[in-house]
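> Need coordinates for the below:
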Amino acid sequence: MFSGFTEFLFGWGLPVLLLGVGICYLVALRAFPYVHPVRTLRLAFRGRVRSSLRALSVALGGTLGVGNITGVALALAMGGAGAVFWMWVSAAVAMFLKYGEIVLALISRRRGADGTWEGGAMYYLKGKGGFLGRSAATAFAFLCLLCALTLGAPVQSNAAAVAAFEVLGISPIITGTLLLSLTALAVFGGIRRIADFTERIVPFVSLLYLFLSLYAILTNLSALGGVFARIFGEAFSFSAGASGVGGFLASRALRYGVTRGLLSNEAGAGTAPMAHAVAENTPAAQGVMGFLEVAVDTFVFCTATALPLLIAYGGDFPSASGVGLVTGAFSMLVGKAAPFLLCVSLFLFAYATVLAWFYYGKRAIGYLTQNPMAQKGYIYIYIMAVGGGAFLGEGVLWSLTDGVISLLTMLHTACLLPLLPLVVRESRKEGFLGKSVLLGGHFQGKRVERGTKILRDGSKNGHDGAVRGMGKGEARGVEHSARKAVTLPAIQAVPREGMPDRREM
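Numbering: from 1, shown residues only. So this is what the prediction gives:
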């Protein structure tokens, strides 16, 4: 029954909603990163870059993992080579949802009792006001908690255990116990310890995996032409007897490409904003990190898995687990050492994802209840789920995970649509869509960007310091922009209830 429900969601519900709302965001934001890529990167790496990169590392720790490796292998085995094309398309559209999520999270965040920022989808959904807003926030937090206990814990440990057993002959008991112990050591240190770990381990394991993939691709360049022909050819091959919109939605390539891409980059799911909310940056500038997150996850890492698999197997995938498909392909293309290195990469990816999802689940349970016993109980249940996942069947885990992440994403993506005007307004305010405006709506001690100039501002209203050194015409323009920006309400699309005072941000 649950499998049939998952089939229904995957068949048309999730792809249509994700692509539809994503296109709305893409159009409203004027496809900015595609039209102005250099300016987009410049916006990303200004301000407190270290804080932004730490938040990005935690978020990448949650996205880079089993979904990039076994998830892609399963998508190709079930949806064919065309699934890769739809992964790219969905990522190109859904990255605008990731940007919107992060912008909203930084607008609605608040200081916690320990002085750190707290934010995420629960807070800006609740900020919509009324019964529907509160209900959506509660439902999101509950589904996020379920995702942490499925996608975040057992799926990751299961993949690591399967890889260790198939490649090295290590018992799942040993792998599960090791992951459980390492998780326990890290989670009691809080977000700072998790951020410190992911900041160090994610770049290392990412480079190791990319090295293996590039070696496999570069030593088989002659096969790439046929691989890309298969990807684009199968992307639009519908089932016999199906045509038009029905055939399009029935396409297995579309279905598995979009949904497995989502499981990998989590765009639209509303999870990554919990990691980005701690960054000491302005909303739109940190939102640009969301573009980078999706691009790195899907265009780089998912492709780095898909191409070697298609080179090795073509269109005939053997009956094997996702881990078995990947280790078999890399063994054929790279050599006997590849499965061992891949096993190490998968273990470290899984561990980083386990830590990131622990943090997401902790934020979710903290929103649902302030009961210390419930929050402590979550910690122990999560740690046990990490150990127990090593013994569960891959099929059962993926079926359960697909259903929960689909519900979470559909709920959150539907709620993102009415919040689009707020995202656009904040983006304009920071100079993301228009001409000179004051960055982030902060008018004290921040920077003002005009064209390519970045000038320090120490004035009360945020423009006197920037005016110095400009010509008269430029100065008048900045003064006019500052006066106009100051008169804008801080939040118009969302009621003030549940939202922080922007002067605290």
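
> residue boundaries of the strands in this structure?
110-111, 117-118, 437-438, 447-450, 453-456 (DSSP state E).

> which stretch in those strands has the least confidence?
Note on the strands of the chain: strand 453-456 shows the lowest mean pLDDT, a mean of 31.

> what's the domain layout of this protein?
Per automatic domain parsing, the structural domains of the chain span 2-429, 437-504.

> Most tightly packed of these?
domain 2-429 (a mean of 21; mean count of other CB atoms under 10 Å). Where you see a C-beta, it was placed from the backbone N, CA and C, and this is true even at glycine.

> so how far is that domain off the chain centroid?
Remark: domain 2-429 is offset 5 Å from the chain centroid, using CA atoms, centre = their mean, to the nearest Å.

> okay, and for the stretch 101-250 of the chain, where does confidence drop off?
Counting by pLDDT under 70, the ranges of the stretch 101-250 of the chain that qualify are 128-131, 189-199, 238-250.

> Going along the chain, name the helices of it.
121-126, 130-147, 154-163, 172-187, 190-218, 224-235, 244-250 (DSSP state H, counting those that start in this stretch).

> got the ones you listed as CSV, with distance to Thr369 columns?
Formatted as CSV, the helices of the stretch 101-250 of the chain follow (distance: least, CB to CB, whole Å):
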stretch, distance to Thr369
helix 121-126, 12
helix 130-147, 10
helix 154-163, 23
helix 172-187, 18
helix 190-218, 19
helix 224-235, 45
helix 244-250, 40
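
> And those: which comes nearest Ile23?
Closest approach to Ile23 among those (CB to CB): helix 244-250, 15.1 Å.

> what sits against Phe317?
Shown in contact with Phe317 (CB atoms under 8 Å, 6 or more residues apart in numbering): 76-77, 309, 325.

> farthest-separated two in those residues?
Ala77 and Leu309 (8.8 Å).

> Now the common contact residues for those two.
Common neighbours of Ala77 and Leu309 (CB under 8 Å, 6+ apart) are 317, 325.

> Could you list the low-confidence segments of the stretch 301-450 of the chain?
Using pLDDT under 70, the stretch 301-450 of the chain drops low at 394, 434-450.

> same thing but 50
Where the stretch 301-450 of the chain drops to pLDDT under 50, the residues are 435-450.

> picking up where we left off before, closest one to Phe85 among the helices of the stretch 101-250 of the chain?
Shortest distance between Phe85 and the helices of the stretch 101-250 of the chain, using CB to CB, is found for helix 224-235: 3.7 Å.

> so what secondary structure elements neighbour that closest one?
Contacts defined by 3 or more CB pairs under 8 Å, 6 or more residues apart in numbering; DSSP states H and E place helix 224-235 against helix 82-108, helix 252-265, helix 303-313.

> now those helices in JSON lines, with distance to Phe330?
Conversion of the helices and strands packed on helix 224-235 to JSON lines gives the following (distance: least, CB to CB, whole Å):
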{"stretch": "helix 82-108", "distance to Phe330": "17"}
{"stretch": "helix 252-265", "distance to Phe330": "18"}
{"stretch": "helix 303-313", "distance to Phe330": "6"}
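
> closest to Val424 out of these?
helix 82-108 (9.1 Å).

> Could you measure from the residue lying closest to Val162 once chain neighbours are set aside over to Gly315?
Computed as CB to CB, 6 or more residues apart in numbering, the closest residue to Val162 that is not its neighbour in sequence is Val323, at 4.6 Å. With distances taken as CB to CB, to the nearest Å, Val323 is found 20 Å from Gly315.

> if we can go back for a sec, out of the helices of the stretch 101-250 of the chain, flag the one nearest Ala92.
Of these, nearest to Ala92 by CB to CB is helix 224-235, at 13.6 Å.

> how many degrees apart are that closest one and helix 252-265 in direction?
Angle, helix 224-235 to helix 252-265, by axes from the mean of the first three to the mean of the last three CA atoms, to 10 degrees: 110 degrees.

> CA atoms only: put helix 224-235 into PDB for me.
Output of helix 224-235 as PDB, limited to C-alpha atoms (Å, rounded to 0.1, in the frame of the first residue of the first chain):
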ATOM      1  CA  LEU A 224      31.500   9.700 -24.200                       C
ATOM      2  CA  GLY A 225      29.800  10.500 -27.500                       C
ATOM      3  CA  GLY A 226      27.700   7.400 -27.300                       C
ATOM      4  CA  VAL A 227      26.900   8.100 -23.600                       C
ATOM      5  CA  PHE A 228      25.600  11.600 -24.300                       C
ATOM      6  CA  ALA A 229      23.600  10.400 -27.300                       C
ATOM      7  CA  ARG A 230      21.900   7.800 -25.100                       C
ATOM      8  CA  ILE A 231      21.200  10.400 -22.400                       C
ATOM      9  CA  PHE A 232      19.400  12.800 -24.700                       C
ATOM     10  CA  GLY A 233      17.800  10.100 -26.800                       C
ATOM     11  CA  GLU A 234      16.200   8.300 -23.900                       C
ATOM     12  CA  ALA A 235      15.200  11.500 -22.100                       C
END
